[in-house]
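K.L.:
the sequence and its predicted three-dimensional model are supplied below.
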Amino acid sequence: MAKTDPLVTVLKLAVEAEEKAALQLKAAQFERQKRQGQLDALNNYRLDYMKQMEGHSGTTLRANQYHQFHQFIRQVDSAINQQVAVVQDGEKQVGYRQQHWQETQQKRKAVEMLLAKKATKEQLAESKREQKMSDEFAMQQYFRNKMK
């Protein structure tokens, strides 16, 4: 039974780590996109509410209605600011995940390169062995023919 090269096992583990990192990156990108969608929804809600209040221009607003309007806008602005922080955190997570994925990709490529170099070295050694055997055979043939 042929002995398995330990580098093959290392390559298998590196491929699995890269696949896992790629999935984590994809999940982080999805989460960032979701968070950005929530921020966009909040911004659109604020804009719609402002337009709605603009539609009431020319009509008299009582002081408490004006106060409630500004209080509500402050709450929406606060929610927007919080969501901006959440989106920024999501961006950082994507950056970390992308860096991790690239590192795992580099490790996999390094192992593949080592395996390729090892295979080339083994192929060269095999070629030398074959050449040596061929030379020995030719030499034996030459001496047999000379002895006749």
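P.N.:
Arrived safely. Numbering: from 1, shown residues only.
K.L.:
packing partners of the top helix by length along the chain?
P.N.:
Taking DSSP state H as the assignment, the helix of the chain that covers the most residues is helix 63-147. Judged by 3 or more Cβ pairs under 8 Å, 6 or more residues apart in numbering; DSSP states H and E, helix 63-147 is in contact with helix 6-55. For every residue, glycine as well, the C-beta is placed using N, CA and C.
K.L.:
how many other residues sit next to residue 39?
P.N.:
Look at residue 39: counted by other Cβ atoms under 10 Å, it has 18 neighbours.
K.L.:
pLDDT weak spots in the protein?
P.N.:
Along the chain, the parts satisfying pLDDT under 70 run over 1-2, 56-61, 148.
K.L.:
gap between the closest residue to residue 50 other than its chain neighbours and residue 41?
P.N.:
Excluding its sequence neighbours, the residue lying closest to residue 50 (Cβ to Cβ, 6 or more residues apart in numbering) is residue 73, at 7.5 Å. From residue 73 across to residue 41, the span is 16 Å (Cβ to Cβ, to the nearest Å).
K.L.:
what does residue 5 show for phi and psi?
P.N.:
phi -70, psi 130 (degrees, to the nearest 10).
K.L.:
surely it meets residue 118?
P.N.:
Yes - the pair residue 5 / residue 118 is scored as a contact, 7.4 Å apart, by Cβ atoms under 8 Å.
K.L.:
higher neighbour count, residue 73 and residue 41?
P.N.:
More neighbours surround residue 73 than the other of residue 73 and residue 41, with 14 against 11 (other Cβ under 10 Å).
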